[in-house]
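> give me the fold of what follows.
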Amino acid sequence: MTFVASNLYGRMDKFEKLIKKINLKESDILYILGNIVDFGEDSIALVNELSAQYNVYAVLGEHDYKAYLLLSEFDRIIREGGAPSVNFSKEMIEWSQNGGQPTLEAFKDADADEKEGFLDYLSDLPVFEEVTLKNGKEFVLTCRGIDNFDKNTDLYDYELDDFMNGYLDIEKTYFDDKIMVVGYVDYEHTPAGRAGKVNAKNNNIALACDMSETDDVVCVCLETNEEYYV
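Numbers count the residues shown, from 1 in each chain. Sure thing, here's the model as predicted:
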């Protein structure tokens, strides 16, 4: 079976419960659609665990990307010495206030190998995955959708920012022959969506709508459409 989940947000307990809930087998594959880190206390440990799972794959989310950029620079400044720039300090404060503080603290406490492994994992994450099931059904998996979308543009021709800044409009059909699956949309883009639930329409699947009302990790099986919440 092929499972898709999103928004673990540094919660090892949620990941462990999810694995048990879906009864992930060696023959199964689980995709995490971004936002692995921040908010929770276990971002470093969670990334370390995900990197050891041969049948768990992730795509880059905006929190993962921001954490990578800022912590890479933070690590360089600590190793080489010197003072951070005003702009960097401002970005660090903004990130810390938007869920990054627990990740920063965990990174400070990590040893050199853990820091390197953490940054390497985030830097290697793709911005999308293409999945084809045995029945021929095709999916495009990404964290938020694709900004500046054009049906005539190849997925590999988009800029990174198109994925980091994109939003899925569930009322719009992006692909006629594929299903777009994203980790999250808010009510501005899915006004009639079910809060914290899987929302599907027009060859789109949004795993959670307006997660401010719930901290559930949302998961769906692509073969059966069964929904899981932990």
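
> give the contact list for Leu33.
Counting by C-beta atoms under 8 Å, 6 or more residues apart in numbering, Leu33 touches 4-7, 58-59, 61, 141-143, 181-183, 207. For the C-beta atoms, the positions are set from N, CA and C on the backbone; glycine is no exception.

> report the buried members of those.
Buried members of the contacts of Leu33, scored by 16 or more other C-beta atoms under 10 Å, are 4-7, 58-59, 61, 141-143, 181-183, 207.

> where do the helices sit along the chain?
With DSSP state H as the criterion, the chain has helices at 12-22, 43-52, 62-80, 86-95, 101-109, 112-123, 160-164.

> what's the most buried one of those helices?
Most buried of the helices of the chain, by mean neighbour count (mean count of other C-beta atoms under 10 Å): helix 43-52, with a mean of 20.

> hmm, who's touching that one?
Helix 43-52 has contacts (C-beta under 8 Å, 6+ apart) with 8, 10-12, 15, 32, 36-37, 40, 56, 58, 67, 102-103, 106-107, 110, 114, 117-118, 121-122.

> kindly report the same for stretch 71-81.
Contacts of stretch 71-81 (C-beta under 8 Å, 6+ apart): 83-84, 88, 92, 103-104, 107, 115, 118-119, 123.

> thinking again about what came up before, for Lys134, which of the helices of the chain is the nearest?
Taking C-beta to C-beta, helix 12-22 is the member of those nearest to Lys134, at 18.3 Å.

> quick one, that closest one and helix 43-52 angle?
Using axes from the mean of the first three to the mean of the last three C-alpha atoms, to 10 degrees, the inter-axis angle of helix 12-22 relative to helix 43-52 is 40 degrees.

> mean confidence for helix 12-22?
For helix 12-22, mean pLDDT rounds to 97.

> just the CA atoms of it, as CSV, please.
Extracted in CSV, the C-alpha atoms of helix 12-22 (Å, rounded to 0.1, in the frame of the first residue of the first chain):
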residue,chain,number,x,y,z
MET,A,12,8.1,11.8,17.2
ASP,A,13,5.2,10.5,19.2
LYS,A,14,2.8,11.4,16.3
PHE,A,15,5.1,9.6,13.8
GLU,A,16,5.3,6.5,16.0
LYS,A,17,1.5,6.4,16.4
LEU,A,18,1.0,6.9,12.7
ILE,A,19,3.2,3.9,11.8
LYS,A,20,1.2,1.8,14.2
LYS,A,21,-2.2,3.2,13.0
ILE,A,22,-1.6,2.4,9.4
